[in-house]
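> Kindly generate the corresponding structure for this input.
(2 chains)
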Amino acid sequence: MRTTRLASLSTALIVCISSQAGISSDRAVRIDGGTFIQPVLLDENQRTLEMESFYLDRAQVSNSDFLDFIQQYPNWRRDQAPGLFRDADYLKHWPEPDALGDGVAGADRPLTRVSWYAARAYCQAQGGRLPSMDEWEYASARQRTLTGQSDDDYADALFAWYSNPGAETLAAVGQGEAGPLGVHDLHGLVLEWVEDFELLLTMGDQTDLLNGSCGDTARMMPEFDAAHYATFLRYQSRSNYSPRTTTTTLGFRCAYDPEDMK
Amino acid sequence: MQARQLLLTAASMTLALSLAPLTLTADERLKHDGEFMVDGMIFGMPEARVFEEDYDGPPVVGETMTALPHLAPLTHEGNKTHEVRLDTFAQKIEVANGKTFNAWTFGGTVPGPTLHVREGDRVVFTMKNRSDEMVSVTEPVPGGSPFFSQLNENNYLKTEPAVSPMPHSMDFHSGTVAADDKWRTIPPGQSIEFEWVANYPGVFMYHCGTPSVLMHTAMGQYGAVVVSPKEGYDTDDQVDREYVIVQSEYYLRKHGDEYRYDHTAAMNRNPSQVVFNGHVNALNSEPLRANAGERVRLYLMNAGPNDTSSFHVIGAIFDRVWYEGNRENEWRGMQTVLLGASNSAVVEFIVPEEGSYKLVDHEFADAERGAAGTLIAGPRRQ
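So this is what the prediction gives:
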């Protein structure tokens, strides 16, 4: 609840929404709707959702993308953005509030050290929004189905990445193989903000009264294989962020409704 | 030296007892509104405080925070409040010769530093989640705890800073509190502060309780708290040497040029290494030392996260065992102590003669994977 109120307040920081005539399909790809079985149990029940089609950025937002944004909306610069909407490390890796640098601060590197408030303000300014958790996870599940990646390979790759995310040496965005969906690096580059990241396990609005503590894994997993554990860890870690959190392995990409596309 | 200190402490305690009552009234021991006493123990701690701080100081603060296998002597009489900091952050460590991995740690080592307090002491605990910072534990740290100088003298884990952002929490088995409040998970960049009172004596585990708790603990987030009984153990004035040993398992698999956590192996309870004090060679390259005829006390903690330990000293018999470290749970003449994951014991043995004594997990598959160490005994000193 608190987050929702602050979210609308943070939206006000976008003084005027840019009147774009639609999002270029160069930037985003269509994710066709379909059936999505949630990989984590809510309320002890497995849920099958019918997903609507949506568009998703091919790659994560880069440092240069975000530099363009704060030049247009300087109240999201690190020296001007209200502390309510970011922690002290927001964009800390940039050498100046409005200048990029080398390595992880390079123009083509994924934007990190960005709060949820700033991420959703960025997407809104593009005429889009953050993907919902189900949309993001649906895209991930579809990609796994289409590529035929085995459960074990998926789990191996994810646990290796979670335990050693390589935050000091991030590769450029859009460089990983796009796969059949045309989406790059859903896994293996940076974790991504989603609109309703707190939905599961959080204490904030008591979605889960047992609040996702030690030993809560089993009651939330429909299957006990390594792949489901790897997925659960992503849900869990996401739930524990604060919307002000900024870290070196957390970025985002935007989603769009079909009617907003060119 | 240590024995003399213990004797002096015992003597001064006796003196203090004869001069002034050590028993504080409830009013003096209760610190916050809402606290209450049951059977002389304090419950009802204030709510944890989660906040952001601009802190880049020593990640381990507290005068009784030590690197394994050391234990800081308690120099205070009666009870006191300990201001303790233990930040959580990633660190590249070696667990066997040439095998390194990026661990999630408390304080930069696996296991983390050992905290020593007395039954009835209060701990005001602060932890910052610095998992997205490069934190060094090998540079000189003004204001840091004895942990740093001890680590510098024997950095057998070869620690190097690393970054691995992840939400984390702290669960002290030595604290009696509502876990959903005190042990709550905080994201990178946030800090938590809470209090607990050491209501029970013993050797207690601390660990990260954030799901998957198996992964967080197997990645290295655990350590020991020693709570000495307020009356002491009956043999306190006879003990010559004291050491802390924490047993635990690693589940690592080669991934490219490095080793990384293997969740399937962890679920199957198939460790790649089982270790004392974090490294297969920790108690061999720097063996424990004693002399023939001395009484050695070991504070044992089996951190797991999965397996039991059948702790045995080849050539010795445990003269005394206090299961979980509680003086009410005394056993005599034990050959082996069986510890489940998160069980502990205080054991004592008399070193029979000059020589070398192997410390092993007598579940030999685990000894073969590294759960072995050495105590070297010098000649008898009269």
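> Show me where the chain has its helices.
No chain specified, so I'll use chain A. A:2-11, A:63-72, A:116-125, A:133-147, A:151-163, A:226-239 (DSSP state H).
> that's the wrong chain, I wanted chain B
B:2-19, B:26-29, B:146-153, B:179-182, B:213-218, B:263-267, B:282-285, B:364-368.
> which of the ones you listed has the lowest average pLDDT?
Among these, helix B:2-19 carries the lowest mean pLDDT, a mean of 45.
> isn't B:Phe43 right up against B:Phe36?
Yes: using Cβ atoms under 8 Å, B:Phe43 makes contact with B:Phe36 at a distance of 5.9 Å. Every C-beta, even on glycine, is put in place using the N, C-alpha and C of the backbone.
> And the two? Which one has more around it.
More crowded of B:Phe43 and B:Phe36, by other Cβ atoms under 10 Å in any protein chain shown: B:Phe43, with 15 against 10.
> Now do the residue of the stretch 1-150 of chain A found nearest chain B, the pLDDT please.
Scanning the stretch 1-150 of chain A for the residue nearest chain B gives A:Asp87, at 4.8 Å (criterion: Cβ to the nearest Cβ). At A:Asp87, the model reports a pLDDT of 94.
> A:Arg244 is in contact with that one, correct?
Yes: at 4.7 Å, A:Asp87 counts as touching A:Arg244 under the criterion of Cβ under 8 Å.
> Return every residue with contacts to both of those two.
Here A:Asp87 and A:Arg244 share the contacting residues A:Ser115, scored by Cβ atoms under 8 Å, 6 or more residues apart in numbering or on different chains.
> Who has more neighbours out of those two?
Taking other Cβ under 10 Å, A:Asp87 and A:Arg244 do not tie; A:Arg244 has more neighbours (23 against 20).
> How many residues are close by A:Thr35?
Here the count is done by other Cβ under 10 Å, and A:Thr35 has 10 residues near it.
> Enumerate every residue touching it.
Going by Cβ under 8 Å, 6+ apart, A:Thr35 touches A:Thr48, A:Leu49, A:Glu50, A:Met51.
> Mark which of those residues are buried, thanks.
With burial judged by 16 or more other Cβ atoms under 10 Å in any protein chain shown, the buried subset of the contacts of A:Thr35 is A:Met51.
> Up against chain A, what does the stretch 251-382 of chain B have?
The stretch 251-382 of chain B comes close to chain A at residues B:His255, B:Glu258, B:Arg260, B:Tyr261, B:Asp262, B:His263, B:Thr264, B:Met267, as judged by Cβ under 8 Å from any Cβ of the partner chain.
> Make JSON lines out of the residues you listed and add neighbour count and distance to B:Asn199.
Below are these laid out as JSON lines (neighbours: other Cβ atoms under 10 Å in any protein chain shown; distance: Cβ to Cβ, whole Å):
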{"residue": "B:His255", "neighbour count": "18", "distance to B:Asn199": "43"}
{"residue": "B:Glu258", "neighbour count": "15", "distance to B:Asn199": "43"}
{"residue": "B:Arg260", "neighbour count": "21", "distance to B:Asn199": "39"}
{"residue": "B:Tyr261", "neighbour count": "25", "distance to B:Asn199": "35"}
{"residue": "B:Asp262", "neighbour count": "25", "distance to B:Asn199": "38"}
{"residue": "B:His263", "neighbour count": "25", "distance to B:Asn199": "35"}
{"residue": "B:Thr264", "neighbour count": "16", "distance to B:Asn199": "39"}
{"residue": "B:Met267", "neighbour count": "17", "distance to B:Asn199": "34"}
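> possible to save these as a markdown table with distance to B:His216?
Formatted as a markdown table, these follow (distance: Cβ to Cβ, whole Å):
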| residue | distance to B:His216 |
| --- | --- |
| B:His255 | 19 |
| B:Glu258 | 19 |
| B:Arg260 | 15 |
| B:Tyr261 | 10 |
| B:Asp262 | 15 |
| B:His263 | 12 |
| B:Thr264 | 17 |
| B:Met267 | 14 |
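> Determine which two of the residues you listed are furthest apart.
B:Glu258 and B:Met267 (21.3 Å; Cβ to Cβ).
> Can you give me the buried ones in stretch A:30-37?
By neighbour count with 16+ other Cβ under 10 Å, stretch A:30-37 contains the buried residues A:Ile31, A:Phe36.
> Check stretch B:314-334 too.
For stretch B:314-334, by 16+ other Cβ under 10 Å, it's B:Ala316, B:Phe318, B:Asp319, B:Arg320, B:Val321, B:Trp322, B:Tyr323, B:Glu324, B:Gly325, B:Asn326, B:Arg327, B:Met334.
> Just give me the closest of those to A:Phe252.
B:Glu324 (47.5 Å).
> The nearest residue to B:Gly325 once chain neighbours are set aside: how many residues sit nearby?
With Cβ to Cβ, 6 or more residues apart in numbering or on different chains as the criterion, B:Gly325 has its nearest non-adjacent residue at 3.5 Å, and that residue is B:Gly202. Look at B:Gly202: counted by other Cβ under 10 Å, it has 25 neighbours.
> Identify the bridge partners of B:Gly202.
B:Gly202 has these beta-bridge partners by DSSP bridges: B:Val227.
> Now do the contacts for it.
For B:Gly202, the contact set (Cβ under 8 Å, 6+ apart) comprises B:Ser174, B:Val227, B:Glu324, B:Gly325, B:Asn326, B:Ser344, B:Val346.
> if you set the cut-off to 7 Å instead, what comes out?
Counting by Cβ atoms under 7 Å, 6 or more residues apart in numbering or on different chains, B:Gly202 touches B:Val227, B:Glu324, B:Gly325, B:Asn326, B:Ser344.
> Same question for B:Arg85.
Neighbour list for B:Arg85: B:Val60, B:Val61, B:Gly62, B:Thr126 [criterion: Cβ under 7 Å, 6+ apart].
> now, which of those lie within strands?
B:Val60, B:Val61, B:Thr126 (DSSP state E).
> distance of the first one from A:Pro39?
In other words, B:Val60. As for B:Val60, its distance to A:Pro39 is 38 Å (criterion: Cβ to Cβ, to the nearest Å).
> just B:Pro46 next, same as before
Distance from B:Pro46 to A:Pro39, by Cβ to Cβ: 39 Å.
> who in the stretch 101-250 of chain A is up against chain B?
Neighbours of chain B within the stretch 101-250 of chain A, by Cβ under 7 Å from any Cβ of the partner chain: A:155, A:159-160, A:163-165, A:167-168, A:203, A:211-217, A:226, A:229, A:232-233, A:236-237, A:240-242, A:245-249.
> Can I have the buried ones of these as a ChimeraX selection?
To isolate the buried members of those in ChimeraX, using 16+ other Cβ under 10 Å:
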select /A:155,159,160,163,164,165,167,203,211,212,213,214,216,217,226,229,232,233,236,237,240,241,242,245,246,247,248,249
